[in-house]
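Chemist: Quick one, structure for this:
(chains A and B)
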Amino acid sequence: MHVFTDPDNFDAYVSGFLWILKLTGASAVCALVIGVLLAAMRVSPVPVLRGFGAAWVNVFRNTPLTLVIFFCYFGLFATLGLSLSQDLDLNIYWLGVIGLSVYTAAFVCEAVRSGINTVPTGQAEAARAIGLSFAQTLRIVVLPQAARSVIAPLGSILIALCKNATIVGTIGLLESSNIMKDLINSNGDAVIPIFLVFAGTFAALLIPTGYFFGWLANRLAVKR
Amino acid sequence: MATGEPLIVLDSVNKWFGPLHVLDDVSLSVGRGEVVVVIGPSGSGKSTLCRTINRLEPINSGTITFDGQALPAEGKALAKLRSEVGMVFQSFNLFAHKTILENVTLGPIKVRKEKPASARERGLALLDRVGIANQADKYPAQLSGGQQQRAAIARALAMQPKAMLFDEPTSALDPEMVGEVLDVMTSLARDGMTMVVVTHEMGFARHAANRVIFMADGKLVEDAAPTEFFANPRSERAKDFLSKILTH
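Modeler: As a prediction, the model looks like this:
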């Protein structure tokens, strides 16, 4: 393990994973907010909103994430001049967050929508019957019950998002997979150990995440 | 007893589910304080009729007037109207993630902007009235069907509605729980609540209704006082229906 005892290498390893965690954290929040709004649109009585939600899902769910991230850099930044920070790394970071968020939001939307479909229609009817508006019905009655059945799928989406964050490396952010590539390039004698350390770190982060979401889903399971 | 101008008026209401004509030119008026029981074979459109009154089912033609106003289209005005019409469903539809008391206070707090403390107080009084005050902090799944349905009635009453719609309120209940729900409904009727009740409980129709409506194939076939209807049904369809259910 001589590779990681070198302080420079170790710092690079840590900073690579810190980028991954920051990308995951910011994108998860944005994707959750956008995804829930998209799901609300898709079940709303307004045809224009339903169409918008469906279009978003169809476009981003069926486009490779690499293309989305490339578009954020070459399209939004290089061509359209959208600059989100003076700092080069931070600019790429935020472009990456945009790409990851719009892409992941499509999956969040579908998970939430299928969760909404698990809530019996009588629940929404009863809510409307006492005079709640569409938004109140969704927020107070339907989504809290849907949330419990979307927690497990959202866990899987979060795990996928964390791994997908490495794709931001393709537009130049020194996240973990780029760091790994650099370490392998300069330490050809330790390819397997380097690989195992990076894979193991992802596993160490994500396996507990999976169990946590499974536990949470069980804990909140709604009784009928 | 019926007094004054009618509260609910349906005029030439038509509704189709695809090719199926579920409401065929139905006209009906329900006076204030009147209890109208709707009976008829399955698929006759009686539940649909009940659900059109608060526009859970939109209609294709005709007009529905509630308290002098035509039913508004989807939006704020419709939500306001719905808050004035209590509805009790066959499958109770209590909010599964809320306690019984929260079920009852949700409407007053979120729709009427009532203070939680006073909504709570009124809610407990209503639960007491339907005989389940001791279940206030339980979740719906922890209650029997009869208790859930009584909670659902309390939830509707909490909005202080001008009328109550009952869509087969006892059809999903075990036989020994039917009575406790009908008792609550009978006492509501006695207190002068305007009620439209879709049911198969002929006993309730006999002793609590002011009028019995008989529906078949989407049409309103008979509209009569209960004693008259049960003793002398005019139409063949009603005679046939009654002979099938009353011989057992």
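Chemist: the helices in chain A, which residues?
Modeler: With DSSP state H applied, chain A shows helices at A:2-5, A:7-42, A:47-61, A:65-70, A:88-118, A:121-129, A:134-136, A:143-164, A:176-186, A:191-220, listed in chain order.
Chemist: Can you give the distance of the third one from its chain's centre?
Modeler: Okay, so that is helix A:47-61. In terms of Cα atoms, centre = their mean, to the nearest Å, the centre of helix A:47-61 is found 18 Å from the chain centre.
Chemist: of all the helices of chain A, which lies closest to residue B:126?
Modeler: Comparing these by their distance to residue B:126 (Cβ to Cβ), the top pick is helix A:121-129, with 16.2 Å. (C-beta placed from N, C-alpha, C; glycine too.)
Chemist: Which strands or helices does the closest one pack on?
Modeler: Other helices and strands packing on helix A:121-129, by 3 or more Cβ pairs under 8 Å, 6 or more residues apart in numbering or on different chains; DSSP states H and E, are helix B:76-83, strand B:85-88, helix B:145-157.
Chemist: ranking these by burial, who's on top?
Modeler: Highest mean neighbour count of the helices and strands packed on helix A:121-129: strand B:85-88, a mean of 28 (counted as mean count of other Cβ atoms under 10 Å in any protein chain shown).
Chemist: The following helix or strand past that one near chain A at all?
Modeler: Downstream of strand B:85-88, the first helix or strand assigned by DSSP states H and E is helix B:100-110. Yes. Using Cβ under 8 Å from any Cβ of the partner chain, helix B:100-110 comes into contact with chain A via B:106, B:107, B:110.
Chemist: Please identify the residue of chain B positioned nearest to chain A.
Modeler: For chain B, the residue positioned closest to chain A under Cβ to the nearest Cβ is residue B:83, at a distance of 2.8 Å.
Chemist: Now for residue 33, how many residues are close by?
Modeler: Here I'm looking at chain A. The burial count assigned to residue A:33 is 13, neighbours taken as other Cβ atoms under 10 Å in any protein chain shown.
Chemist: nope, chain B
Modeler: For residue B:33, the number of neighbouring residues by other Cβ under 10 Å comes to 18.
Chemist: Go ahead and confirm it touches residue B:192.
Modeler: Yes. In this structure residue B:33 lies within contact range of residue B:192 using Cβ atoms under 8 Å: 4.6 Å.
Chemist: anything in the helix or strand hosting residue B:6 near chain A?
Modeler: Assignment of secondary structure by DSSP H and E places residue B:6 within strand B:3-17. No. Counting by Cβ under 8 Å from any Cβ, chain A is not contacted by strand B:3-17; separation bottoms out at 15.3 Å.
Chemist: Could you list the residues in contact with that strand?
Modeler: By Cβ atoms under 8 Å, 6 or more residues apart in numbering or on different chains, the list of residues contacting strand B:3-17 from outside reads B:21-34, B:45, B:48-49, B:52-53, B:57-68, B:162-163, B:194, B:196.
Chemist: make it 6 Å
Modeler: Residues external to strand B:3-17 that are found in contact with it (Cβ atoms under 6 Å, 6 or more residues apart in numbering or on different chains): B:22-23, B:25-33, B:59-67, B:163, B:194.
Chemist: And stretch B:83-91, by the same measure?
Modeler: Residues lying outside stretch B:83-91 but in contact with it, judged by Cβ under 6 Å, 6+ apart, are A:122, A:129, A:131, B:54, B:111, B:152-153, B:156, B:159, B:161-169, B:171-172.
Chemist: Sketch out the low-pLDDT regions of chain A for me.
Modeler: A:1, A:222-224 (pLDDT under 70).
Chemist: Tell me which residue in it sits closest to chain B.
Modeler: Closest point on chain A to chain B, by Cβ to the nearest Cβ, is residue A:131, at 2.8 Å.
Chemist: from memory that residue sits against residue B:111, does it?
Modeler: Yes. Here residue A:131 reaches residue B:111: they are 4.2 Å apart, a contact under Cβ atoms under 6 Å.
Chemist: which one of these two has more residues nearby?
Modeler: In this view residue A:131 and residue B:111 are compared by other Cβ under 10 Å, and residue A:131 has more residues nearby, 24 against 20.
Chemist: which residues sit in contact with the more buried one?
Modeler: With contact taken as Cβ under 6 Å, 6+ apart, residue A:131 is in contact with B:79, B:82, B:83, B:111.
Chemist: Max pairwise distance over those residues: which two?
Modeler: Between any two of these, the greatest separation by Cβ to Cβ is 8.9 Å, found for B:82 and B:111.
Chemist: Flag every residue of chain B that's near chain A.
Modeler: Residues of chain B lying close to chain A (Cβ under 6 Å from any Cβ of the partner chain) are B:56, B:79, B:82-83, B:87, B:91, B:93, B:95-97, B:107, B:110-111, B:141, B:159.
Chemist: What is the longest helix of chain B by residue count?
Modeler: Once chain B is assigned using DSSP H, the helix that runs over the most residues is helix B:175-190.
Chemist: Quickly list what the residue lying closest to residue B:224 once chain neighbours are set aside is bridged to.
Modeler: Excluding its sequence neighbours, the residue lying closest to residue B:224 (Cβ to Cβ, 6 or more residues apart in numbering or on different chains) is residue B:212, at 6.0 Å. With DSSP bridges applied, the residues forming beta bridges to residue B:212 are residue B:37, residue B:224.
Chemist: Return the residues in contact with residue B:212.
Modeler: When contacts are counted by Cβ under 6 Å, 6+ apart, residue B:212 touches B:37, B:205, B:226, B:229.
Chemist: quick revisit: would you format the helices and strands packed on helix A:121-129 as JSON lines with distance to residue B:14 and mean pLDDT included?
Modeler: Listed next are these as JSON lines, based on distance: least, Cβ to Cβ, whole Å; pLDDT from 0 to 100:
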{"stretch": "helix B:76-83", "distance to residue B:14": "20", "mean pLDDT": "92"}
{"stretch": "strand B:85-88", "distance to residue B:14": "21", "mean pLDDT": "96"}
{"stretch": "helix B:145-157", "distance to residue B:14": "28", "mean pLDDT": "95"}
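Chemist: export these to JSON lines and tack on distance to residue A:140?
Modeler: Compiled in JSON lines, the helices and strands packed on helix A:121-129 are given as follows (distance: least, Cβ to Cβ, whole Å):
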{"stretch": "helix B:76-83", "distance to residue A:140": "13"}
{"stretch": "strand B:85-88", "distance to residue A:140": "17"}
{"stretch": "helix B:145-157", "distance to residue A:140": "14"}
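Chemist: What separation is there between residue A:196 and residue A:178?
Modeler: Relative to residue A:178, residue A:196 is positioned 18 Å away (criterion: Cβ to Cβ, to the nearest Å).
Chemist: Mind checking which of these two has more residues around it?
Modeler: Taking residue A:196 and residue A:178 together and counting by other Cβ under 10 Å, residue A:178 has the greater number of neighbours (18 against 12).
Chemist: and residue 21, how many neighbours?
Modeler: Using chain A here. Using other Cβ under 10 Å as the criterion, residue A:21 is surrounded by 14 other residues.
Chemist: nope, chain B please
Modeler: Using other Cβ under 10 Å, residue B:21 is surrounded by 16 other residues.
Chemist: Thank you kindly, that will do.
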